[in-house]
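Here is a sequence together with a model predicted from it:
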Amino acid sequence: MRAAEGRAIALGMTAESLMARAGEAVSEQVRRLAAGAEVLVMCGPGNNGGDGYVVADTLRRAGHPVRVAALSSPTTAPAAAAQARWAGPIESLADVAPAPVMVDALFGIGMNRPLSSEAAEWLGGAMRAAHLSVAVDVPSGVSNDDGATLGAVPPVNLTLAIGAVKPAHVLQPSAALCGEVRLIDIGLDAESNVRLAEVPRLSAPLTGAHKYSRGLVVVIAGRMPGAAALAACAAGHGGAGYVRLLGSSTDRLPHAIVRQPFTNEALADTRIGAMVVGPGLGRDEKAKERLAAALQSGRPLVIDGDALHLLGDEQARVPTVLTPHAGEFSSLFGDLTGSKIDRAQQAARRSNAVVVFKGADTVIASPDGRAVVHSTGPSWLATAGTGDVLAGIIGAQLAGGADAFTAATNGVWLHAESARLSGAAFIADDLVAHLPAAFGACL
């Protein structure tokens, strides 16, 4: 956004005109939602506060009841100019009376320290008294670039993201404080190699397709055969034409899943489109041997679970997707710095693999710097076995011909949609049952 603003100013726009665009766009949203109710705009000293003064002035000129309360005098020229155009009184935050609609324009994307205890108390009191609370760009008291919270931050009902969605809107814990996030277009081209997850564009098998052309997935079992069975079933329902489970004695599988002994001959089949290794693999010598065989097979790989703890630091030589949760990520990559997006991108470059950094905010990163953030998965996904299901889905997408990054982004979306369709209190097996409907939503 800063770069986009700089380009716009280089082309002849002014900081004041950009502020006017932002404030006017926000005021239109607030006016519609307020439905005639009084609005209280709380303004800070920087440009976010300047946006707030524009919001208030635009509402006033439209005949809407509005009041302004300020934390302190403006400290930037655009904010001072915006305040000068506000014709009404400016109340003190310490003494301000609440209103049915409250607009938080105290601090924006430059916030790097906690709110003072007084400001946090005043802001929280106004929010609790309001029927609707709206944040301009980001809620005050969150760190925009990494999603951290800077002290006690009250949640808002709605955040109006100006110009572009920010990391704070999609990374936890700040995303949980933003309420609904709506993007406000102010005519700037904010370029980024990071985007939000979108519904995949999938297609039905072509006429003449057969099980091998749709993709053969091999899942390697280990000490906990149930986890590998979940991955195998998910691969079958995730689009694969043929699934083989190697090295498992479990009989609790659909007959369509082929069970075979784990042998070098089984891994040498040139028709294999992808291998999934790690779910329930264990960390003993047998597990190490099976992982080594998978790595030497030359086939595209999805590496999950225990296998992530057994990997060294050698770069991937075939299309590979790594699917760590936070603990596995730390074990594999150590203490990387920056936001979750930054760390996932660093890990992808280091490993030369696509990294699916799982969690309530899942980040999928490619070695070429691209990243996708998926932050809308149901919290019910925090249950055993769901990661095994995700690994199987990604394996099916990879075997079906998608590149590793597309396979991972498709898989994460299908996984979350299956969870949504499963409802509440599901177990991982339920995700598998709902995969066909999730897949159908993308056709």
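That came through fine.

okay, now the domains of this protein?
As given by automatic domain parsing, the domain ranges for the chain are 2-192, 211-440.

just the strands in the stretch 201-350 of the chain please.
Ranges of strands within the stretch 201-350 of the chain are 216-220, 242-246, 258-260, 272-277, 301-303, 320-322, based on DSSP state E, counting those that start in this stretch.

Hmm, Gly44 is touching Gly52, no?
Yes. Counting by CB atoms under 8 Å, Gly44 touches Gly52, with 7.5 Å between them. Heads up, the C-betas are built off the backbone N, CA and C, glycines and all.

So which of the two has more stuff around it?
Gly52 (30 against 27; other CB atoms under 10 Å).

Which helix or which strand is home to the more buried one?
Here Gly52, judged by DSSP states H and E, is contained in helix 47-61.

So which elements touch that helix?
Where contact means 3 or more CB pairs under 8 Å, 6 or more residues apart in numbering; DSSP states H and E, helix 47-61 is packed against helix 15-34, strand 39-43, strand 66-70, helix 77-85, strand 101-105, strand 132-136.

out of those, which comes closest to Arg252?
With distances scored as CB to CB, the stretch of these nearest to Arg252 is strand 132-136 (49.2 Å).

moving C-terminal of the closest one, what's the next helix or strand?
Per DSSP H and E, the first helix or strand lying C-terminal to strand 132-136 is strand 158-162.

List the strands paired with that next one, with their directions.
Applying DSSP bridges, strand 158-162 is found paired with strand 132-136 (parallel), strand 180-184 (parallel).

export those to a markdown table and tack on mean pLDDT, distance to Gly338 and mean neighbour count?
Output for the strands paired with strand 158-162, formatted as a markdown table (pLDDT from 0 to 100; distance: least, CB to CB, whole Å; neighbours: other CB atoms under 10 Å):
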| stretch | mean pLDDT | distance to Gly338 | mean neighbour count |
| --- | --- | --- | --- |
| strand 132-136 | 98 | 24 | 27 |
| strand 180-184 | 96 | 22 | 15 |
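
can you list residues touching both of Gly44 and Gly52?
When CB atoms under 8 Å, 6 or more residues apart in numbering defines a contact, the residues bordering Gly44 and Gly52 alike are 105-106.

related to what we said a few turns ago, reformat the helices and strands packed on helix 47-61 into a markdown table and put distance to Met224 next to each item.
As requested, these are arranged in a markdown table below (distance: least, CB to CB, whole Å):
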| stretch | distance to Met224 |
| --- | --- |
| helix 15-34 | 50 |
| strand 39-43 | 53 |
| strand 66-70 | 58 |
| helix 77-85 | 59 |
| strand 101-105 | 48 |
| strand 132-136 | 45 |
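
nearest to Ala209, of the strands of the stretch 201-350 of the chain?
Shortest distance between Ala209 and the strands of the stretch 201-350 of the chain, using CB to CB, is found for strand 242-246: 11.7 Å.

Low-confidence regions, the chain specifically.
By pLDDT under 70, the chain has no low-scoring segment.

redo that, cut-off 90
Counting by pLDDT under 90, the chain contains low-confidence ranges at 1-2, 94-95, 109-119, 150-154, 189-190, 248-252, 312-314, 335.

Just give the number of residues close to Gly6.
Gly6: 10 neighbours (other CB under 10 Å).

can you pull the contacts of Arg283?
Residues near Arg283 by CB under 8 Å, 6+ apart: 306, 309-310.

Just name the closest of these to Val432, please.
Asp306 (20.6 Å).

That closest one: neighbouring residues, count only.
A count of neighbours around Asp306, defined by other CB under 10 Å, yields 23.

Name the nearest residue to it, ignoring sequence neighbours.
Nearest non-adjacent residue to Asp306, counting by CB to CB, 6 or more residues apart in numbering: Leu281, 4.2 Å away.
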